[in-house]
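Peer 1: Got a predicted structure here, sequence first:
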Amino acid sequence: MKKLTILILIMLFGLSFIFKKKSSGPLPSIHSFKVKTIDGQDFDFSTLKGKKVLIVNTASECGLTPQYKLLEEVFEKYKDKNFTIVGFPANNFGSQEPGSNTEIKAFCTKNYGVTFQMMEKVSVKGDDMCDVYKWLTQKDKNGVGSSIVKWNFQKYMIDEEGHLVDSVSPGKKPNCDKIINWIEGKK
């Protein structure tokens, strides 16, 4: 009888571990998100599987706005090497992105020749933070770490499997060693 009780306890413990493990499941990757492009089209991040992705919150009237030029240069250099950039315009800092999606797209194209993927304007902080930025900034969602979007042009590095790798502060240029070494697979 004692052996049967122990066996039942072991089985229950094992089942509780299986169900607990199964219910928590793996954290989602960036590939599980769907958003709208700056043109209002549906965009599924799963189309970026196998690519390194640099996600950047952007603004048209910021002292860091010239980073668009550097972002485009990095994109052009590495776009054929399983790398892409995704820009999310946001008006969270000093109201430096006041325009509509149409105005933002025209500004980026005319002034910086932006060809990397731009998304619709979102919020990257506060109660109305979009789901992608919740994932990027909350460890319980991304499994890597928590961060705060400090200003326009903060950069998040995502690996080929859609997992957060690291972030780069707004003041660091898109062609800094940290980002280029990551794109090129150097440590």
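Peer 2: Received, thanks.

Peer 1: which ones are touching residue 184?
Peer 2: With contacts defined as CB atoms under 8 Å, 6 or more residues apart in numbering, residue 184 has no neighbours. To be clear about C-beta, it is placed using only N, CA and C from the backbone, and glycine gets the same treatment.

Peer 1: quick one: pLDDT of it?
Peer 2: On pLDDT, residue 184 comes in at 96.

Peer 1: Next up, the contacts around the nearest residue to residue 168 once chain neighbours are set aside.
Peer 2: Nearest non-adjacent residue to residue 168, counting by CB to CB, 6 or more residues apart in numbering: residue 155, 4.2 Å away. Residues near residue 155 by CB under 8 Å, 6+ apart: 54, 55, 56, 167, 168, 170, 172, 174, 179.

Peer 1: swap in residue 84?
Peer 2: 48, 51, 52, 53, 54, 75, 116, 117.

Peer 1: Of the residues you listed, which is the most crowded?
Peer 2: residue 54 (23 neighbours; other CB atoms under 10 Å).

Peer 1: Return the set of buried residues in stretch 115-133.
Peer 2: Going by neighbour count (16 or more other CB atoms under 10 Å), the buried part of stretch 115-133 is 116-125, 129-130, 132-133.

Peer 1: Find the centremost residue of this protein, please.
Peer 2: Centroid-nearest residue in the chain: residue 55, 4.7 Å away (criterion: CA atoms, centre = their mean).

Peer 1: Show me the contacts of residue 155 that map onto helices.
Peer 2: residue 179 (DSSP state H).

Peer 1: And stretch 178-187, what's buried?
Peer 2: For stretch 178-187, by 16+ other CB under 10 Å, it's 179, 182, 183.

Peer 1: so the last one makes contact with residue 75?
Peer 2: No: taking contact to mean CB atoms under 8 Å, the distance of 10.3 Å between residue 183 and residue 75 leaves them out of contact.

Peer 1: which residues are common contacts for the two?
Peer 2: residue 83.

Peer 1: Quick check: pLDDT value at residue 22.
Peer 2: 41.

Peer 1: same check, this time on residue 27
Peer 2: With respect to pLDDT, residue 27 has a value of 71.

Peer 1: Does it touch residue 138 like I think?
Peer 2: No: in this structure residue 27 lies outside contact range of residue 138 using CB under 8 Å: 10.3 Å.

Peer 1: hmm, back to that, OK, contacts around the residue nearest to the centre of the chain?
Peer 2: Here residue 55 is in contact with 30, 85, 86, 87, 88, 132, 136, 155, 156, 158 (criterion: CB under 8 Å, 6+ apart).

Peer 1: Perfect, that will be all.
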